[in-house]
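Q: quick one: sequence plus predicted model below, questions after.
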Amino acid sequence: MKTKLLFSAIGLLLISISLKAQVEIPAVTDPGTWTQKVNFPGTPRHGVVAFTMSTKAYVGTGYHEIGIPYGKQDFWKWDKNSNTWSQVASLPGTARTNSGCFTIDSIGYLVSGTNGYDMDDMWGYNSITDGWTQMANFPGPSRGGEGITSTTANIGAKGYFGLGVNYSSTSFYYDFWEWDQGTNTWAQKANYPGGGCRGMIGFTIGTKFYAGTGLDANSIFHNDFWEWDQGTNTWTQKANFPGGARTGAVSFSIGNKGYVGLGYNTNDYFKDFWEYNPTSDTWVRKTDYSGSGRILCAGFSIGTKAYIGLGCDSSGTDYSDFWEYDPSSTGVQSFVENKDIVIYPNPLTDMLTIETNSLNTNQQFEIINLTGRLVYTSYINKKKTTVNMSDFPSGIYILKLNMDKETAGKKFIKQ
């Protein structure tokens, strides 16, 4: 069933909000590095789907600009080993944006979406044959998308989809569904207890599905976060997402950790990035995304690395840049602690004081951030040297001094 869509600009409804204030979120407490990869070669866009198989990612559909057609059909393959893109078979169904997706083995699945109409069809892409097969239609109410979508929204041979909005009726859904690859059938599971929302995050770790954030029918942004247990078909509320309520964020899992970032609320387009540990039910802020703040990006993981790109910003500009995130790397070399060097206060809000009794004057020092980027350099010209850090972003920094036989360093936090 397809329902006439009654709005003028898919996804870009989110962008007409003026930016007046910044949401205060905690500083980076755990690192990781971003490295830019080759740009996506198709038209810049947002609201895409992404599948991953082995060392390949498949990215396609989405939306570029106001007008008709609303969506795209083209698909592209990115090879992690060669860092190259190549075009693959386009979606044979209707061009669309804001679809749900998940990956099972060598097949990526696309569910629902919109192109002037809300849709309920489902398609499977076989990466071995480079071909598409239509699957059983999604049995819930048709919806324009922005429900739970993630390349890691599967548990074994089962895929998951739900929530979202029907743009024509403006109905917001909280239903949650499981698709069985073996039988090509859908079964409804326990409803999401956080209420009907659009633009939510979702990922799986082991036999648990995690979902949260989003925008509800009353235009209230959410930061609640829930765990669904496949074995018991029950939802349990977990620690709220600490980055602030939002919609249109990106999410996926790497091993036994979940990752969430970017998105927007009324006043902010975010670029922060977070890691969730289900064992301790805790969140840790990682190094911010190196691209601009944006919504409705492509996001996925391959092995131990994550990838984010595309999306659109507050001005409605679509992007084609593409970035790799390594959670295990700091981009910073190891340093020797030197007891003759004292820095204070730590943490600090404005002035950093460097005090030493052993170094010669005119000793050069550097301040670097956790990506390894040099942000300040000067010279120690007396026993006590001060640096005004008031205009520096909050985060963890390292004071580096190149000495005769070693490189000394001191870590400090700018609040």
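A: Sure thing, it's come through.

Q: report pLDDT for the most centrally placed residue in the chain.
A: The centroid of the chain falls nearest to Val250 when counting by Cα atoms, centre = their mean (3.0 Å). Reading off the per-residue confidence, Val250 sits at a pLDDT of 95.

Q: quick check: it vs Asp272, distance?
A: Here the criterion is Cβ to Cβ, to the nearest Å. By it, Val250 lies 11 Å from Asp272. Bear in mind the C-beta positions are built from the backbone N, C-alpha and C, glycine included.

Q: identify the contacts common to these two.
A: Common neighbours of Val250 and Asp272 are listed as Gly261, Leu262 (criterion: Cβ atoms under 8 Å, 6 or more residues apart in numbering).

Q: residues in contact with the residue nearest to the centre of the chain?
A: Under the contact definition (Cβ under 8 Å, 6+ apart), the residues listed for Val250 are Ile201, Val260, Gly261, Leu262, Gly263, Cys297, Ala298, Gly299, Ile308, Gly311.

Q: between the residues you listed, which sits nearest Gly244?
A: Gly263 (9.1 Å; Cβ to Cβ).

Q: could you pull up the residues touching the residue lying closest to that closest one once chain neighbours are set aside?
A: Using Cβ to Cβ, 6 or more residues apart in numbering and skipping the chain neighbours, the partner closest in space to Gly263 is Ala249 (3.2 Å). For Ala249, the contacting residues are Gly199, Ile201, Thr213, Val260, Gly261, Leu262, Gly263, Phe270, Ile295, taking Cβ under 8 Å, 6+ apart as the criterion.

Q: among those, who's most crowded?
A: Each of those was scored by neighbours using other Cβ atoms under 10 Å; the highest score is Gly263's, at 33 neighbours.

Q: picking up where we left off before, phi, psi of the residue nearest to Gly263?
A: In this entry, Ala249 is assigned phi and psi values of phi -80, psi 170 (degrees, to the nearest 10).

Q: and it, how far is that from Tyr264?
A: Relative to Tyr264, Ala249 is positioned 8 Å away (criterion: Cβ to Cβ).

Q: do the same with Gly144
A: From Gly144 across to Tyr264, the span is 18 Å (Cβ to Cβ).

Q: of the two, which one has the most company?
A: Set side by side, Gly144 and Tyr264 give different neighbour counts by other Cβ under 10 Å, the larger being at Gly144 (29 against 26).

Q: correct me if wrong: the more buried one contacts Ser169.
A: No. Applying Cβ atoms under 8 Å, one finds Gly144 not in contact with Ser169, separated by 10.3 Å.

Q: show me the contacts for the closest residue to Gly47 other than its chain neighbours.
A: Ranked by Cβ to Cβ, 6+ apart and with sequence neighbours excluded, the top spatial neighbour of Gly47 is Thr97, at 3.8 Å. Shown here is Thr97, whose contacts under the criterion Cβ under 8 Å, 6+ apart are 10-11, 45-48, 61-63, 70-72, 113-115, 145.

Q: which one (most neighbours) among these?
A: Of the contacts of Thr97, with other Cβ under 10 Å as the count, Gly113 tops at 36 neighbours.

Q: quick check: the closest residue in space to Thr349 that isn't next to it in sequence vs Pro347, distance?
A: Of all residues not flanking Thr349 in the chain, Gln415 sits nearest, at 5.2 Å (Cβ to Cβ, 6+ apart). Look at Gln415 and Pro347: by Cβ to Cβ, they are 5 Å apart.

Q: helix, strand or coil for Ser320?
A: When states are read from DSSP: H, G, I helix; E, B strand; the rest coil, the local structure at Ser320 comes out as coil.

Q: spit out the contact partners of it.
A: Going by Cβ under 8 Å, 6+ apart, Ser320 touches Asn39, Phe40, Pro41, Gly42, Thr43, Pro44, Arg45, Gly309, Leu310.

Q: lowest-confidence helix or strand of the chain?
A: Across the helices and strands of the chain, mean confidence by mean pLDDT, DSSP states H and E is lowest for strand 3-4: a mean of 36.

Q: immediately after it, which helix or strand?
A: Later in the chain than strand 3-4, the nearest helix or strand by DSSP states H and E is strand 33-36.

Q: what about stretch 117-124, start to end distance?
A: For stretch 117-124, the first and last residues are 21 Å from each other (Cα to Cα, to the nearest Å).

Q: pull the residues that contact that stretch.
A: With Cβ under 8 Å, 6+ apart as the test, stretch 117-124 has contacts from 1-5, 91-94, 96, 99, 107-113, 132-144, 166-168, 179.

Q: buried among those? Make that a ChimeraX selection.
A: Applying 16 or more other Cβ atoms under 10 Å to those, the buried members can be selected in ChimeraX as follows:
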select :3,5,91,93,94,96,99,107,108,109,110,111,112,113,132,135,138,140,142,143,144,166,167,168,179
